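*Asks:* sequence and predicted structure, then a few things I'm wondering about:
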Amino acid sequence: MTNDRIVDTLNDLIETSKDGEQGFNACAKHVTNSELKSLFIQRAIECQRAAAELQPFVLQYGGKPEQSGSVAGALHRGWVAVRDSLTGYSDAAVLEECERGEDTALARYRKALKEDSLPPALRAVIERQLIGVQRNHDQVKLLRDQHKATL
């Protein structure tokens with residue numbers, strides 16, 4: 001795997017983490033349940049840490065680390081804002097959109113791990129971060145399902 005390919009893979013994951021950070025912060029602003037708000041704020045912090053953990057690897061492989069989220073993430077957050085302005089930012093709607101974002105994050109992490117010849121230390125970091133992404137996804141999905149059951 002070339003250094004350029006490693007940098008591209010890492011920057012994709014940094015964008016994903018930045019999208020997650022911004023997405024969880026947006027979700028925290030729009031939910032009414034204080035426990036959900038706290039959960040989303042904590043998850044945003046974890047996403048921020050994940051991006052920060054990957055940025056030195058980009059430098060190590062001769063690249064410039066991404067500093068912001070992706071265009072797709074910004075569009076998703078914009079779509080959430082438009083949709084939620086119509087639905088009144090219900091906690092259920094926010095949880096559904098949050099799960100969609102986590103679906104995307106899972107796919108991007110899994111794609112990164114399919115790359116051949118990732119250096120072992122880097123693969124270990126990405127695998128560990130994937131566990132956190134999977135946990136976020138599963139927890140949001142469970143909360144969404146629980147919320148739907150109470151409606």
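*Replies:* It's in. Numbers count the residues shown, from 1 in each chain.

*Asks:* helices or strands up against the helix or strand harbouring V140?
*Replies:* Using DSSP states H and E, V140 sits within helix 120-150. Helices and strands touching helix 120-150, by 3 or more CB pairs under 8 Å, 6 or more residues apart in numbering; DSSP states H and E, are helix 3-30, helix 34-60, helix 91-113. Placement of C-beta: from N, CA and C, glycine included.

*Asks:* give me the nearest residue to N25, chain neighbours excluded.
*Replies:* The spatially closest residue to N25, leaving aside those adjacent along the chain, is A44, at 4.6 Å (CB to CB, 6 or more residues apart in numbering).

*Asks:* check the burial of the one you found by counting its neighbours.
*Replies:* By the other CB atoms under 10 Å criterion, the neighbourhood of A44 contains 19 residues.

*Asks:* any weak-confidence spans in the protein?
*Replies:* Where the chain drops to pLDDT under 70, the residues are 1, 68-89, 151.

*Asks:* how about the residue most central in space within it: what's its closest non-neighbour residue?
*Replies:* For the chain, the residue nearest the mean C-alpha position is G20 (3.0 Å; CA atoms, centre = their mean). With CB to CB, 6+ apart as the criterion, G20 has its nearest non-adjacent residue at 3.7 Å, and that residue is C47.

*Asks:* pretty sure that neighbour contacts I14?
*Replies:* No: counting by CB atoms under 8 Å, C47 stays clear of I14, with 10.2 Å between them.

*Asks:* phi, psi of D116?
*Replies:* Backbone geometry at D116, expressed as degrees, to the nearest 10, gives phi -70, psi 150.
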